[in-house]
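Trainee: Using only what follows, build the 3D model:
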Amino acid sequence: MNKRVIAVVGPTAAGKSDLGVALAQELGGEVINADSMQLYRGMDIGTAKLTDEERRGVPHHLLDIWDVTEAANVAAYQSLARAEIDRLHAAGRVPILVGGSGLYVRAAIDDLRFPGTDAAVRARLEAELDMRGPGALHARLAAVDAEAARAILPSNGRRIVRALEVVEITGQPFTANLPGHESVYDTVQIGVTVPRPELDERIAARVERMWEAGLVGEVRALEAQGLREGRTASRALGYQQVLAWFAGDCTEDQARAETVRATKRFARRQESWFRRDPRVNWLTARGTELAQQALALAKEAPRSGHSLIT
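Mentor: Next up, the predicted model:
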């Protein structure tokens, strides 16, 4: 286990967080968050952050580090995550990276370099986004980088703007800056999945629990802290739909139903992203059997290179 990183990945509601805790307990590890929305302070109920009790004494890192007004920054996350990984290795602890944000996982463990930014180009593209909407910019992206356009939803204005910015700055397609499957650490990636009907049921039940636990009040409090102005946080699942209800764009029941639908769509995109990585070891077991299988993978001897392919 010397200098190894364990990454627990997969779609939302599949059981990643609990497995991460179980592995940390067995391996003498600590959890590093790789969920982009759990990085935000105060976004607890809607992002399904584990409670202190659910963490069972396992230290968790890179939670609650950004204000909701801050835009997501994968390059900044990469620096923070690798510092945590290196610190844990130096302390003889096993880093357990847990999350479903594919680009964040890869930023932490893979040979991924980020092109710089240009404030003027970014401001111009964001102004155009506000004026024309994401659909028009997505069409432009499709003309210059069809692969990136296929990977980015037409409604995801923030990612469309970033892709167009990279194309303009580098003169290359956005996808040309994405890495191959080369890790910078000895990494074992464990994918957690459940059959689609069961996952859909889990998602619906989770959304109900979030509403019952006080998601509406959480969004109300964060709105007072600038959530609506946050380009990233305001688009988080659940938060975006509740804000739309507050604005009078839908009813509460419609907001709740749309949160379920949007989360199901998101889960499909997450699994599709991770399925493209041949190094992910997919497990479909449950409970103690899942933990046992994952533990066996985590302890497995490294194979050729950094890839661990089943």
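Trainee: pull the longest helix from the protein.
Mentor: If you go by DSSP state H, the chain has its longest helix at helix 252-275.
Trainee: tell me what that helix is packed against?
Mentor: helix 102-109, helix 196-213, helix 239-246 (3 or more C-beta pairs under 8 Å, 6 or more residues apart in numbering; DSSP states H and E). Bear in mind the C-beta positions are built from the backbone N, C-alpha and C, glycine included.
Trainee: Mean neighbour count, these: which tops it?
Mentor: Per residue and on average, the most neighbours among those fall to helix 102-109, with a mean of 23 (mean count of other C-beta atoms under 10 Å).
Trainee: In contact with residue 159: list those residues for me.
Mentor: By C-beta atoms under 8 Å, 6 or more residues apart in numbering, the contact set of residue 159 is 152-153.
Trainee: helix, strand or coil for it?
Mentor: helix (DSSP: H, G, I helix; E, B strand; the rest coil).
Trainee: how close does it sit to residue 152?
Mentor: Plainly put, residue 159 is 5 Å away from residue 152 if you go by C-beta to C-beta, to the nearest Å.
Trainee: ok, the closest residue to residue 225 other than its chain neighbours - how many residues close by?
Mentor: Spatial nearest neighbour of residue 225, excluding adjacent residues (C-beta to C-beta, 6 or more residues apart in numbering): residue 68 at 5.9 Å. Other residues near residue 68 come to 22 when the count uses other C-beta atoms under 10 Å.
Trainee: name the helices or strands packed onto the least confident helix or strand in the chain by mean pLDDT?
Mentor: Scoring the helices and strands of the chain by mean pLDDT, DSSP states H and E places helix 146-151 at the bottom, with a mean of 85. Packing partners of helix 146-151 (3+ C-beta pairs under 8 Å, 6+ apart): helix 134-144.
Trainee: ok, residues contacting the helix it packs on?
Mentor: Residues contacting helix 134-144 (C-beta under 8 Å, 6+ apart): 125, 128-129, 148-149, 152, 154-157, 160-161, 163-164, 167, 173-174.
Trainee: Take the helices and strands packed on helix 252-275 and lay them out in JSON lines including mean pLDDT.
Mentor: Shown next, in JSON lines, are the helices and strands packed on helix 252-275 (pLDDT from 0 to 100):
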{"stretch": "helix 102-109", "mean pLDDT": "94"}
{"stretch": "helix 196-213", "mean pLDDT": "97"}
{"stretch": "helix 239-246", "mean pLDDT": "98"}
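Trainee: can you redo these as CSV with distance to residue 119?
Mentor: CSV is the format used below for these (distance: least, C-beta to C-beta, whole Å):
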stretch, distance to residue 119
helix 102-109, 22
helix 196-213, 37
helix 239-246, 26
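Trainee: Just the buried residues of the contacts of helix 134-144.
Mentor: By neighbour count, with 16 or more other C-beta atoms under 10 Å, the contacts of helix 134-144 hold 125, 128-129, 148-149, 152, 154, 157, 160-161, 163-164, 167, 173-174 as buried.
Trainee: for these, which one is nearest residue 34?
Mentor: residue 152 (19.6 Å; C-beta to C-beta).
Trainee: Next up, the contacts around the closest one.
Mentor: Taking C-beta under 8 Å, 6+ apart as the test, what residue 152 contacts is 138, 141, 159-160, 163.
Trainee: and which of the residues you listed is nearest to residue 3?
Mentor: Of the contacts of residue 152, the one sitting nearest to residue 3 (C-beta to C-beta) turns out to be residue 159, at 32.6 Å.
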